[in-house]
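1. Would you be able to build a 3D model of this:
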Amino acid sequence: MKLARLEIRRLPGIDEAFSVDFEPGAVNVVTGPNASGKSSLVRAVRALLYPDDKQFSDLAARWHTSQGELLCERHGVEVSWLADGRPTAAPTLPGRESIGAFLVSSEDLAALGSTDAHISASLRTMLAGGYDLDAALSQAPLASRPRPQKMARDLSELSERVAAKENEYAKLHDDIAQIDQLRQQLIQTRDAGARLRACEDAIALAETFAHRKALESTLIEEFPGGMDRLKGDELDRLERIESAIAERERELAIEQGGLRRAREQLDRTGSISPQDLEALQSSLDDQRDALTELERQIEAEQERIAGQDQALQLAARRLGSAQAEPLETLDQDALESLEKLVDRVQVLREQIRNLTGELARAHSSRSVSGRPAERLRRARQALQRWLDGARLSPLEGVLWGGLSVVAVLASWRLLGPQDSAITPELILLILLAVGIPASLLIGFLQRWRERQRAQLDFMDTDIEAPLGWTEEEVEARIERLDLELESATRHEISQARAADVREQLNSQRTALDKAREKLKDFAEALGISADSRIETGFQLWCRHLHDWQNEQSERARAQARLAQIRQRYGEAQTTARDMLERHGMAAEENVSSRDVAGLLHLLAPRMRRNTELHNDIRAHERRVEELQTDIAQHRRQLDAVYEEAGVKVDARDVLVRRVDRFADWQALEQQRRAASLEIARLEERLSDEQELLSQARTQQREALESRQAELREAADQRDRLNQRIAELETRHEDVLKRRELEGVNGEYEAARNLLEAELDRQLLVAAAESLVESVRTTHQADNEPAALALAGQWLDRFTHHRYQLGFEHGEFTAIDSRDGRRRRLGELSTGTRVQLLLAVRLAWIQQAEAEADAEPLPVFLDEVLTTTDPDRYRAIVQSIQEIVIGGRQVFYLTAQSDDAAAWAEWIEEGPPPHRIDMAEVRSSQVQRLQYELPRELERRREIPDPGGMDPLEWADAAGVDAIDPWRDAGTLHVFHLLHDRLDLCAELMGLDLARLGQLEAFLASGRAGELLDREDRQLLGLRARAARQIIVDWQLRRDRPVDEATLHACGLISDSFMPRVMTLTRRVGGHPRQLLEALRSGEVSRFRSDSTEQLETWLRDAGYLNEEAGHQRLSAAQISTETGLTADRITDLRAWINGAIIDPLA
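-> As a prediction, the model looks like this:
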């Protein structure tokens, strides 16, 4: 089905109805700004085909189908289909669950939506032969389970705990057998501890006596008396008090200096008190206000006089006088004479005005044709003569009738009896038969000559001739000439009358000039303007004279008032000047309010400064008094410090020496007191041991130390015996109470049983996954859905063979032909993800229509190529054009007007795209865009011409990169395969096939045979396989470098160790063996050795530690056998590739 026309009369969101015509056999590019109705077209089509909404709509569409043209209408929620004006059944459409695939928007393609999830689920079921194998694996007992690593570690720890407990119990049994023997030994050493403590106290007492005696001797001999009166902080107190006194004295000096400067400034500014200055300010304010008021009155009177002067000048101008002085010559007789002259001028002006109007009316008359009447009259006479010559006269009619009669008689006579003789009748008939035609011929020739002469006379007049010179045309032209002749005659009469009027007008103008000149001379003699009097009525002119006289009186009165105000103003100026001079302030002769205000402005800072100086003096005096009081108080505190220390006042040196030794004296005194307390304590403890007490007081230390050694040996043995017996008994009771060995054995057996059960479940899950994967792989290889294969073809074309479509575990993936990696949708760029999902959608809708045997519906693409680069944009455009050529209608909706130009330019075959601008369709509702996005010219790296260039120079110019051997061979640049065929390499780069993976995908597609010949395809295939073998052989003989991604992937290094291990990895250049050696040598502190062993195992399993490193490489013959390329070519190719490889571990 193809949409030809769509009418939207009513649809939610559309205020006014509109209709759009589409091209069924081409791509319809619908452009327009946002909210212009592009999406409404899609909503309208969906509302017609799948009317499942309950909203009221009024729509109509005309469809082209395989059965003919169908009309679809929707009114409200009811949809009807018509064929040739008769109701018909709705066409077969794809299922409702597939409708989302026909509308492809940029939001849908950014991530998997409901439509893509439905497609994925269907493909997954088909690949599994109609069964949902993933659902079976997701249910118990086949659901995947995590590895029981924790259970294994727990079992190992329990086993170690059981062995440790068994060893502990065996040793405890041996120790308990010795308890009786230890108790016998304890009885023998029972009293040794008490005697040892007493002996130790006696020794300590003797030592304390000796220590106290030495301290007392030192205190008496080395320190002066009175040290006990010191507190130790005397110097600090003295320094604080002296610092405070010095600070107060500095402040006192500053305040006294400030007081002196304030008084000096006050003396310089005058000794006027603030009260006197305030009184002066008040008086000056009053004088300023008085002067200001008088100045305002003077200015007002001056403005009033100026206004009266202007009014007087206006009145004078109205009178026509150039000056505003009184007119002495304007009496009654002069006014009457002036009025007579004015009346004469006005009468003449009125007569001239009437003649001018009559002349204008005469000039308004004009001829219709603009030709003279005489020429028109001659032309009419010529046409009339021509018309008279063209008509038959009555005589010619009679002659033609007679000729007919004669012809009849002559015929009868000739055809009748021939035996009669020639008679006069026959002679008469002969004469008539000859004479009548001759007469008619002569008359015809005369009329023809007259008509030619009349026609020539008409042509001489240069007037437009009749169209065909027929009687009807000539009569019509005569009628038009009559009208033109009448118009021309009236125009000539009007021109004659205009000449007479013009002569009268000139005469009257001459008289008017003389009258105006006489009036002007008379008015100038009077001192007024004649023009003003002529233009003004007599009464109005008299009123102007009266106004002029009133203005003169008002002006005189205003000047008198101004003189009085100026007199008062002078008196006020004198008063203000006297006041300023009395207070010693200079004043000008003419003092104004502005001068007084300026003095007040200057007086205000002076008043503020005077007040501030008085306040500063009082503040300084108060502060000086406070500082002197503080200094006296601090000096009394200073004397008290000396008195408390027991030295003379101001004997600072003596106090300093005593304070310096106070800490030593205090330490010795504290030691003496502590020794006395210790002696009292020890004597109290030895009160029952008089012998030991006596030996201590008499300092018999050798006897005490000898006795101490004997008792300590006995006491140590007793303590060891007590501790040993207590430990053994406690451990025995604890073991009997907790029964740890039995508990650990029970935990061990339980953990072992759980681990065995989990092992059985893991084996079952692994077997199920292996079986399901085998079934899935086998079935997928034999029964790949057509939709999946078609989607792969679309993606291959969209991406220029860069990506191939994959489908694993219900998810779409893209296999990068450059490096062979399988990337999930989240790992793809936005543009590539859009192209993959678009390819899936296009393939799926074809299968959905085929399964339902439904009419193919149009596909709507809504802004799906906004994130696509120009190369892939063009590939998708050309691919969609193939869909259109195949019979499907496509709509592309975009807000960018330049997209339509891109479609038109990049479509190579088939019908050109049909553009619909919604801003034009809905011009009354949608405003056109005012701006366009700036466009940048596409810059693509030029491929240099290989002619005459060295391969290395050409590779550098073409931007060929070196070979990274640890990336997939698909990233290998084709130059490294074709360094001896630069022309073919440049051709492949022009086809955007610069990488080996893209080249292999291209060779596997059907397009390779269209663009490359068979020999080149065979050469490229052999060299591609050989290059992969060479890269793999190189990798098998070397270790693979380790990077950050590798360390994260192994999962064996915690976040706390990862930064240090990464630093070490970078330091060893990523070499795996050097990294392991550095970890074993402890360069990463506290990194466990078992983690190092696990990391080594993982690196070996992952191929980073190659056991075949350094082995013999494959020979050229071996590679030739596997790839089919000759051995010499392989040798050359291997040498080139090995030279281009950059080994990161070299």
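
2. and the helix ranked longest in the chain, what's its mean pLDDT?
-> Across the chain, the longest stretch assigned as helix under DSSP state H is helix 471-526. Helix 471-526 shows an average pLDDT of 81 in the prediction.

3. What is that helix packed up against?
-> On a contact count with 3 or more Cβ pairs under 8 Å, 6 or more residues apart in numbering; DSSP states H and E, helix 471-526 meets helix 332-364, helix 373-390, helix 530-535. Bear in mind the C-beta positions are built from the backbone N, C-alpha and C, glycine included.

4. Could you figure out how far that helix is turned away from helix 373-390?
-> Put simply, helix 471-526 runs at 170 degrees to helix 373-390, going by axes from the mean of the first three to the mean of the last three Cα atoms, to 10 degrees.

5. domains of this structure?
-> Listed domain ranges for the chain are 1-93+855-940, 235-268+592-645, 271-327+537-591, 348-516, 951-1140 (source: automatic domain parsing).

6. How far away from the center of its chain is the first one?
-> Distance of domain 1-93+855-940 from the chain centroid (Cα atoms, centre = their mean, to the nearest Å) equals 30 Å.

7. any idea of the mean pLDDT for that domain?
-> Mean predicted confidence for domain 1-93+855-940 is 81.

8. Just confirm Asp1055 is within a strand.
-> No. With DSSP: H, G, I helix; E, B strand; the rest coil as the criterion, Asp1055 is assigned coil and is not in a strand.

9. how far away is it from Pro148?
-> 25 Å (Cβ to Cβ, to the nearest Å).

10. which one of these two has more residues nearby?
-> The neighbour comparison of Asp1055 against Pro148 (other Cβ atoms under 10 Å) goes to Pro148, with 17 against 6.

11. And the residue nearest to the more buried one when sequence neighbours are not counted, what's its pLDDT?
-> Once flanking residues are discounted, Pro148 sits nearest to Glu758: 4.5 Å by Cβ to Cβ, 6 or more residues apart in numbering. Predicted confidence (pLDDT) at Glu758: the value is 78.

12. which residues of the chain fall in strands?
-> With DSSP state E as the criterion, the chain has strands at 2-10, 18-21, 27-31, 57-65, 68-76, 78-83, 86-88, 103-105, 803-808, 811-816, 822-824, 859-862, 890-894, 914-917.

13. hmm, who's touching the fifth one?
-> What that stands for is strand 68-76. Strand 68-76 is contacted by residues 1, 4, 47-49, 51, 56-63, 79-84, 88, 91 when judged by Cβ atoms under 8 Å, 6 or more residues apart in numbering.

14. For it, C-alpha coordinates in CSV please.
-> Extracted in CSV, the C-alpha atoms of strand 68-76 (Å, rounded to 0.1, in the frame of the first residue of the first chain):
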residue,chain,number,x,y,z
GLY,A,68,-6.4,-0.7,-7.2
GLU,A,69,-7.1,2.6,-5.5
LEU,A,70,-8.7,2.6,-2.0
LEU,A,71,-10.2,5.5,-0.1
CYS,A,72,-10.0,5.3,3.7
GLU,A,73,-12.1,7.6,5.9
ARG,A,74,-12.4,7.9,9.6
HIS,A,75,-15.2,9.9,11.4
GLY,A,76,-14.9,9.8,15.1
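
15. List the buried residues in that strand.
-> Using 16 or more other Cβ atoms under 10 Å as the burial criterion, the residues of strand 68-76 that qualify are Leu70, Leu71, Cys72, Glu73, Arg74.

16. Against Leu82, how distant is the fourth one?
-> So the one you mean is Glu73. Distance of Glu73 to Leu82, given as Cβ to Cβ: 7 Å.

17. Ok, the second one next?
-> Leu71 sits 4 Å away from Leu82, going by Cβ to Cβ.

18. related to what we said a few turns ago, can you put the domains of the chain in CSV and add distance to Arg833?
-> Putting the domains of the chain into CSV (distance: least, Cβ to Cβ, whole Å) gives the following:
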stretch, distance to Arg833
domain 1-93+855-940, 9
domain 235-268+592-645, 79
domain 271-327+537-591, 85
domain 348-516, 79
domain 951-1140, 19
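
19. so what's the closest residue to Leu219 other than its chain neighbours up against?
-> Leaving out its chain neighbours, the residue that sits closest to Leu219 by Cβ to Cβ, 6+ apart is Leu668, at 5.7 Å. Listed by Cβ under 8 Å, 6+ apart, the contact partners of Leu668 are Leu215, Thr218, Leu219.

20. got the contact list for Glu249?
-> Leu627, Ile631.

21. so what pLDDT did it get?
-> 88.

22. what's the average pLDDT for stretch 591-598?
-> The model assigns stretch 591-598 a mean pLDDT of 74.

23. What residues of it count as buried?
-> Val591, Ser592, Ser593, Asp595, Val596, Ala597.

24. Does Gly1069 touch Pro1144 like I think?
-> Yes. Under the criterion of Cβ atoms under 8 Å, Gly1069 makes contact with Pro1144 at 7.0 Å.

25. Can you pull the residues that touch both of those two?
-> Pro1041.

26. count of residues packed around the nearest residue to Gly806 once chain neighbours are set aside?
-> The shortest distance from Gly806 to any non-neighbouring residue, by Cβ to Cβ, 6+ apart, is to Thr813 (4.0 Å). Neighbours of Thr813 under the rule other Cβ under 10 Å: 19.

27. isn't Ala848 right next to Pro94, touching?
-> Yes. Look at Ala848 against Pro94 with Cβ under 8 Å: they come within range, at 4.6 Å.

28. What distance do you get for the nearest residue to Ala26 once chain neighbours are set aside to Phe891?
-> Nearest non-adjacent residue to Ala26, counting by Cβ to Cβ, 6+ apart: Pro911, 4.0 Å away. As defined by Cβ to Cβ, Pro911 lies at a distance of 14 Å from Phe891.

29. Which of those two has more residues huddled nearby?
-> Phe891 (23 against 14).

30. correct me, but that one touches Pro24?
-> No. With contact defined as Cβ under 8 Å, Phe891 does not reach Pro24; the gap is 11.3 Å.

31. Can you give me the distance of Arg872 to Ser829?
-> 11 Å.

32. Counting neighbours, go ahead and name the busier of those two.
-> Counting neighbours by other Cβ under 10 Å for Arg872 and for Ser829 shows that Arg872 has the greater number, 21 against 11.

33. and the more buried one, what does it touch?
-> The contact partners of Arg872, taken as Cβ under 8 Å, 6+ apart, are Phe798, Thr799, His800, Gly831, Gln835.

34. quick one: the nearest residue to the first one once chain neighbours are set aside and Asp333, what's the gap?
-> Right, the one you point to is Phe798. In space, not counting the residues next to it along the chain, Phe798 is nearest to Gln835; the distance is 4.2 Å by Cβ to Cβ, 6+ apart. As for Gln835, its distance to Asp333 is 114 Å (criterion: Cβ to Cβ).
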